[in-house]
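# No letters, just coordinates:
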């Protein structure tokens, strides 16, 4: 069957830039799915989406004017209801057929099928395929209804009476099937073949001649790059070429990618120009200059590729590609200069007061009305940081000092203007005050999402502050009832938990945590809860937060390791820094031929021990009657100390390997011995034997979780 390309374009007022890419893809996908369900798309149909600041569009390469006939099988009703005693159609059947548009069918046209309980009347046949012209209105309506609109806008149509709701007012609608306009009406606008180009560079309305000429006509006649991806690639290339011509680079951090996405949503026909500012501003911390240029002005700062240092030049992505951009460049330079001057003023003013002198000002900044001020919080973090440092054998004085200064920059002018620079600015001020480098690093690192760099003696204070702050947040916020839900986590407790885990992993990798370390998650959380003096926390806070952290770790580990192995280790809630090593050991154990049998036996033992009411007696070897239970007792006596010794040394794989040698004795025991003997003394003695075995088997992990 012949096909034609189908083009649909909504011409709008300026769409929200951060939502544009999603809106474009969602609109295109919505139209595609609706037409696909009606079998109106060719087998090789390609989907193309278009999105600019003032339009959403979609083009489907192969669309049918009418779908092929479709076979159907309609289950109507039980035979006993649909037919009367003479086998004729009952009134109920006639009504059902009419409601389905099948009134032309008689009883002879229906088939009977049984569902195992009773017979049903089934109408089978073929129905005419959907017509594009008739269905397209529905398809576009469905696509619009499914858009992920961040905030809906209500506006009035040209008639002055009708109000509609959409992300932004719509001023044009193009619906071209090949070169033919299909009649559709959306949000009070009727379809046509006319669109508009760039607000200033276009020559006026554009008469589209065919669905396939859309992009080319928009580019040639309208100075618009319709494809979001093409426009993004074009901007990326222009930026790279311009930076290279200046012997500079725009950097490659995530903020550059985010800014590239945003400016792609702000321009229709991009051009890149070079701006600059006075070099004296480079004395200000570069993060301040970079932030204001990227966040407020949407500029791309330029860096020296050899040193990575910020230069006094920046790139402007403009929506005006003109021969003489002098006014555009000078205008942007005039706009950015006062912002840089403000940053310079704030920086110089803040430095007149030592960072330590700002600490007392935290008493006037509320952290949370149930948890006190930022000064109260700092005191709690100080106690937690000192405790961690003491347990790790680190410098307690440095940890305490870092925690004291950590939030001091919150009262600075610079953070008041640029709140995103908390911690970073504090580090600059601390360095200017002559604070030790360990403390400067700690202040700069405290707001990392993850602690993703190796820990050394020089960064030990940094990781201690990082853990202390997140521990205080988790215990405090959770303790006053602000528990994350499936959709909401306003205090970022999930991120805090994952950050804490990342820091512990780095401590373990740097060998700052070992088997002799008394610091565990439970002791840390318990100590932290004790710092909330005169604050009523949920009494179950420590247990709940611990479970929450382990659950976050479980979800993270499931991406890299077998789920059953992760569950086996996490089930014991071991020290966080041991979890990876235990998982590796259990992974190796699971490959042993004995593993499956022992895991099943372990699960069986666990179920038996659940039936024990009270404590079990010590094993009495005198009443071990069966050869199999005597053999198991002898095996446990030999293996248990070996497994325990390896476990105490952190040799988890060796500990599990020693347990593997119990398989023969365990299998024989369950084959030859009735555990739940009628005599309670014998029964409890056998259960005590299994309890001892269970403890030895589950030193590293709950291996019953490996059972199939």
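Arrived safely. Nothing here was measured: the structure is a model prediction, and the numbers come from that model. Numbers count the residues shown, from 1 in each chain.

# Quick check: residue 677 vs residue 623, distance?
Distance of residue 677 to residue 623, computed by C-beta to C-beta, to the nearest Å: 10 Å. Every C-beta, even on glycine, is put in place using the N, C-alpha and C of the backbone.

# who's more crowded, those two?
residue 677 (16 against 13; other C-beta atoms under 10 Å).

# correct me, but the more buried one touches residue 684?
No. Using C-beta atoms under 8 Å as the test, residue 677 is too far from residue 684 to be in contact (9.3 Å).

# Work out for me the element the nearest residue in space to residue 671 that is not next to it in sequence sits within.
Using C-beta to C-beta, 6 or more residues apart in numbering and skipping the chain neighbours, the partner closest in space to residue 671 is residue 628 (7.2 Å). Element membership for residue 628 (DSSP states H and E) is helix 627-648.

# Okay, buried residues for that helix please.
By neighbour count on 16 or more other C-beta atoms under 10 Å, the buried set for helix 627-648 is 628-633, 635-636, 639-640, 642-643, 646-647.

# same question, stretch 419-437
Quick answer for stretch 419-437 (16+ other C-beta under 10 Å): 421-431, 433, 435-436.

# show me the contacts for residue 669.
Applying C-beta atoms under 8 Å, 6 or more residues apart in numbering to residue 669 gives the contacts 628-629, 631-632.

# Now flag whichever of these is closest to residue 497.
Checking these against residue 497 with C-beta to C-beta, the nearest one is residue 632 at 42.0 Å.

# I'd assumed residue 667 was in contact with the closest one.
No. Contact between residue 632 and residue 667 fails when scored by C-beta under 8 Å: they sit 9.9 Å apart.

# rewinding a little: so what secondary structure elements neighbour the helix holding residue 628?
helix 652-660, helix 663-672, helix 680-697 (3 or more C-beta pairs under 8 Å, 6 or more residues apart in numbering; DSSP states H and E).

# Tell me what angle it forms with helix 663-672.
Angle of helix 627-648 versus helix 663-672, following axes from the mean of the first three to the mean of the last three C-alpha atoms, to 10 degrees, is 140 degrees.

# neighbouring contacts of helix 627-648?
The contact list for helix 627-648 (C-beta under 8 Å, 6+ apart) reads 515, 619, 621, 624, 652, 654-656, 658-659, 661-662, 665-666, 668-669, 671-673, 686, 689, 692-693, 696, 699-700.

# try stretch 289-298
255, 259, 262-263, 266, 281-282, 299-301, 310, 314, 317, 332, 335-336, 339-340, 343, 418, 420-421.

# State the distance from residue 477 to residue 498.
For residue 477, the distance to residue 498 (C-beta to C-beta) stands at 15 Å.

# and those two? which has more neighbours close in?
Taking other C-beta under 10 Å, residue 477 and residue 498 do not tie; residue 477 has more neighbours (23 against 19).

# Please name the residues that touch that one.
368, 371, 491, 493.

# Tabulate those (TSV), appending neighbour count, distance to residue 92 and pLDDT.
Shown next, in TSV, are the contacts of residue 477 (neighbours: other C-beta atoms under 10 Å; distance: C-beta to C-beta, whole Å; pLDDT from 0 to 100):
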residue	neighbour count	distance to residue 92	pLDDT
368	15	65	95
371	21	67	96
491	17	60	94
493	21	59	96
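
# what helices or strands is whichever helix in the chain runs longest leaning on?
In terms of residue count, the longest helix belonging to the chain (DSSP state H) is helix 326-350. With contacts defined as 3+ C-beta pairs under 8 Å, 6+ apart, the packing partners of helix 326-350 are strand 271-276, helix 286-291, strand 310-318, helix 413-417.

# try 6 Å this time
In this structure, helix 326-350 makes packing contacts with strand 271-276, helix 413-417, judged by 3 or more C-beta pairs under 6 Å, 6 or more residues apart in numbering; DSSP states H and E.

# What residues sit buried inside the first one?
In other words, strand 271-276. 271-275.

# What lies in contact with it?
The contact list for strand 271-276, computed with C-beta atoms under 6 Å, 6 or more residues apart in numbering, reads 238-239, 242, 312-318, 321, 325, 329, 332-333.

# Which members of the residues you listed are the farthest-apart pair?
Taking C-beta to C-beta as the measure, these span a maximum distance of 25.1 Å, between 312 and 321.

# ok, how many other residues are close to the residue nearest to residue 346 when sequence neighbours are not counted?
Nearest non-adjacent residue to residue 346, counting by C-beta to C-beta, 6+ apart: residue 413, 4.0 Å away. Residues lying near residue 413 (other C-beta under 10 Å) number 17.

# if I look at the spatially closest residue to residue 661 that is not a sequence neighbour, how far off is residue 606?
Spatial nearest neighbour of residue 661, chain neighbours left out: residue 639 (6.3 Å); criterion: C-beta to C-beta, 6+ apart. Distance, residue 639 to residue 606, using C-beta to C-beta: 19 Å.

# try residue 272
66 Å.

# now residue 389
40 Å.

# What of residue 138?
57 Å.

# Show me which of those two is the more surrounded one.
It is residue 606, of residue 138 and residue 606, that has more neighbours when counted by other C-beta under 10 Å, with 17 against 14.

# now what about the helix or strand encompassing the more buried one, what contacts it?
Using DSSP H and E, residue 606 sits within helix 595-609. Helix 595-609 has contacts (C-beta under 6 Å, 6+ apart) with 589, 663, 666, 675, 690-691, 694, 697, 703-704, 706-707.

# Greatest separation within those: which pair is it?
589 and 675 (24.8 Å).
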